[in-house]
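Asker: One predicted model, sequence on top.
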Amino acid sequence: MNLTLIVIIVYLAVIFAVAWYFSRKESLGGYFLNNKKTSLWLLTLSNVATVVGAGATVAVVAEVYDTGISYGIILPVSFVIGMIVMGLIAKTIRKFGEEHETYTIADFFHKRFGMKNKILAEIIQVSLLVIWIGVQAIAIASLASVLTGTDYKVALFLTAAITILYTSIGGLKIDIITDFIQFWIIIAVFAIMAFLAYNQVGGVNSLLTRLPSGHLYIFNFGGVVWAIGAILLSGFIYMGNASHWQRILSAKNKDIARKSFFLSIPFILVIALITLFLGLVSAISLPSIDKNQAIFSLMVGILPAGLVGLGFAAILAVIMSSIDSLLVGGSTIIYRALFRKHQFKHKKEILYARLITALFGVSGFFLAFMVPNIITLSLVVSYLALIFAPPIFAGLYSKKISSDATFYSILIPTIALFSLYPILAANTFIVSTPLGIFILLFYDKIFKKKDFTPLEMVGIEE
């Protein structure tokens, strides 16, 4: 057995041990919301580890390798805007959650707009999280392919078993604890890679002169419209991400929830800058490879033999920290839909929660098997999450939005997104996002709807 595999096995063993130790006497409150006791720095670094997933590392290096700096610059800008947006609304989300005992976005739509909105939110949110898991699964299978030399599909099957077992054990409590550990692994390894890559290419000037034609064009990926739209709108994607809602609701208080997002920004920027640089290095040093494997192949090329395993462990840390959050987010929504409210507090139900988490993970890996394109899945899921931003904002801050308006502002743009993506690809959000906003603004006026649900009336059970 080579040294790389030994390091990976040791890393996985440590994570499993941490998950097992802290989940021995787990309750549902800890599994889904960490008993609302998450401290500031645990939450901050967990936010970073979750945001910096496969889409922000493996996908960025892949697309920078293929098309240049465009994707690698614009995506991190959207991360920063997203953290600012979530920081600004975190207090309101937490206050709503405390007053109305919400655990998920679907709960919010139920309390604020009624049962049909809850059901629609549950269906789309679960689908959204499955796709996000698929993005992470593609990355982890690509890692296994490079590491073991096995076929992508075989690697996907093997890594699914390992990842689902780990993520179903601990829930959000273990997710946050392991995120803290994984954050430091990510920072350390990425810094070492950046230093070694810098020396290998002979400095920034040498790197820039050797890049393929067009790699320094800021609008190379998706064009001008995509770039402007991504900067202006994509930061709001996080409003529709169940993982961030759960972290807000798991914090000790509203101030910690808010500050954690703002404190995440400098860490995200540092990792994003390093990732962009590694993508450019791969473009000049790794000709004719599968772009989804660029970051892994780069590790093999620049890291000493003793550190390659640690590098792969860092990517595992990146991916696993995101999968944890997505699985817990999806299983919480499904659990709340299947079981009555009073059952949520029973310790014996932890087994059901873990089984739901495992089954939910299987569905995400199956999607990765069917659609092994990390960029396509990343864009689709981002645009789907963005559809939720306007109705969430309206639900939190407006007293005169009808349940029908919010319902159709989600349903119709979702149908448009999946119908038009094969045609418009990266620019599909130009239609789906404005369409949702238009419906939200004018539906009640056009159809003379009067069934408004004032904020002071929310919480009435149907």
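Answerer: Structure received. Numbers count the residues shown, from 1 in each chain.

Asker: Using CSV, write down the CA coordinates of the one helix or strand His110 maps to.
Answerer: Element membership for His110, per DSSP states H and E: helix 105-113. Provided in CSV are the C-alpha atoms of helix 105-113 (Å, rounded to 0.1, in the frame of the first residue of the first chain):
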residue,chain,number,x,y,z
ILE,A,105,-36.8,26.7,4.7
ALA,A,106,-39.9,24.5,4.2
ASP,A,107,-41.0,25.3,7.7
PHE,A,108,-40.7,29.0,7.0
PHE,A,109,-42.9,28.7,3.9
HIS,A,110,-45.4,26.8,5.9
LYS,A,111,-45.6,29.2,8.8
ARG,A,112,-45.5,32.3,6.5
PHE,A,113,-47.5,31.2,3.4
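
Asker: Can you name the next helix or strand after it?
Answerer: helix 115-148.

Asker: which is the next helix or strand following that following helix?
Answerer: helix 152-201.

Asker: quick check: mean pLDDT across that following helix?
Answerer: Helix 152-201 shows a mean pLDDT of 79.

Asker: Equivalent analysis for stretch 70-82, please.
Answerer: 89.

Asker: quick one, what contacts Thr46?
Answerer: Rather than Thr, residue 46 is Ser. Contacts for Ser46 (Cβ atoms under 8 Å, 6 or more residues apart in numbering) come out as Thr38, Asp175, Ile176, Asp179, Phe180, Phe183, Arg247, Ser321. Quick note: C-beta positions are derived from backbone N, CA and C, even for glycine.

Asker: Using a markdown table, lay out these together with distance to Ile237 and neighbour count.
Answerer: Formatted as a markdown table, the contacts of Ser46 follow (distance: Cβ to Cβ, whole Å; neighbours: other Cβ atoms under 10 Å):
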| residue | distance to Ile237 | neighbour count |
| --- | --- | --- |
| Thr38 | 22 | 27 |
| Asp175 | 20 | 32 |
| Ile176 | 21 | 29 |
| Asp179 | 20 | 27 |
| Phe180 | 24 | 19 |
| Phe183 | 21 | 25 |
| Arg247 | 15 | 30 |
| Ser321 | 18 | 28 |
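
Asker: ok, these vs Phe267, which is closest?
Answerer: Set against Phe267, the nearest of the contacts of Ser46 by Cβ to Cβ is Phe183 (7.8 Å).

Asker: right, and the closest one touches Val48 too?
Answerer: Yes. Counting by Cβ atoms under 8 Å, Phe183 touches Val48, with 5.9 Å between them.

Asker: Quickly list what's touching both of these two.
Answerer: In contact with both Phe183 and Val48: Phe267, using Cβ under 8 Å, 6+ apart.

Asker: The helix or strand hosting Ala257 - contacts with which helices or strands?
Answerer: Per DSSP H and E: Ala257 is located in helix 254-285. Judged by 3 or more Cβ pairs under 8 Å, 6 or more residues apart in numbering; DSSP states H and E, the packing partners of helix 254-285 are helix 40-51, helix 58-67, helix 69-100, helix 152-201, helix 204-210, helix 242-250, helix 294-302.

Asker: In a markdown table: those helices, plus distance to Val328.
Answerer: Below are the helices and strands packed on helix 254-285 laid out as a markdown table (distance: least, Cβ to Cβ, whole Å):
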| stretch | distance to Val328 |
| --- | --- |
| helix 40-51 | 11 |
| helix 58-67 | 21 |
| helix 69-100 | 16 |
| helix 152-201 | 5 |
| helix 204-210 | 40 |
| helix 242-250 | 7 |
| helix 294-302 | 26 |
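
Asker: quick one: buried residues of the helix holding Ala257?
Answerer: Within helix 254-285, the residues scored as buried using 16 or more other Cβ atoms under 10 Å are 254, 256-265, 267-268, 271-272, 274-285.

Asker: Please state the offset of that helix from the chain centre?
Answerer: In terms of Cα atoms, centre = their mean, to the nearest Å, the centre of helix 254-285 is found 14 Å from the chain centre.

Asker: What of stretch 416-428?
Answerer: Counting by Cα atoms, centre = their mean, stretch 416-428 comes out at 21 Å from the chain centroid.

Asker: Same question for stretch 117-132.
Answerer: The answer for stretch 117-132 is 14 Å, by Cα atoms, centre = their mean.

Asker: do stretch 407-420 as well
Answerer: 21 Å.

Asker: quick one: buried residues of that stretch?
Answerer: Buried-residue list, stretch 407-420, by 16+ other Cβ under 10 Å: Phe407, Tyr408, Ser409, Ile410, Leu411, Ile412, Pro413, Thr414, Ala416, Leu417, Leu420.

Asker: just stretch 214-221 next, same as before
Answerer: His215, Asn220, Phe221.

Asker: which residues does the second one contact?
Answerer: Shown here is Asn220, whose contacts under the criterion Cβ under 8 Å, 6+ apart are Thr67, Gly68, Ile69, Ser70, Gly214.

Asker: Just the buried residues out of these, in ChimeraX syntax.
Answerer: The following ChimeraX line selects those of the contacts of Asn220 that are buried, judged by 16+ other Cβ under 10 Å:
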select :67,68,69,70
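
Asker: residues in contact with Pro390?
Answerer: Neighbours of Pro390 in contact, by Cβ under 8 Å, 6+ apart: Ser409, Gly436, Ile437, Leu440.

Asker: The closest residue to the second one other than its chain neighbours is in what secondary structure piece?
Answerer: Leaving aside its chain neighbours, Gly436 sits nearest to Pro413 (4.0 Å; criterion: Cβ to Cβ, 6 or more residues apart in numbering). Assigning secondary structure by DSSP H and E places Pro413 in helix 403-424.

Asker: Contacts for that helix, please.
Answerer: 109, 113-114, 116-117, 120-121, 124, 379-380, 383-384, 387-388, 390-391, 394-395, 428-433, 435-437, 439-440, 443-444, 447, 449, 451, 453.

Asker: and that helix, how far out from the chain's middle?
Answerer: 21 Å.

Asker: Distance of the nearest residue in space to Ala62 that is not next to it in sequence relative to Val58?
Answerer: Closest residue in space to Ala62, ignoring its immediate chain neighbours: Lys291 at 4.2 Å, by Cβ to Cβ, 6+ apart. Distance, Lys291 to Val58, by Cβ to Cβ, to the nearest Å: 10 Å.
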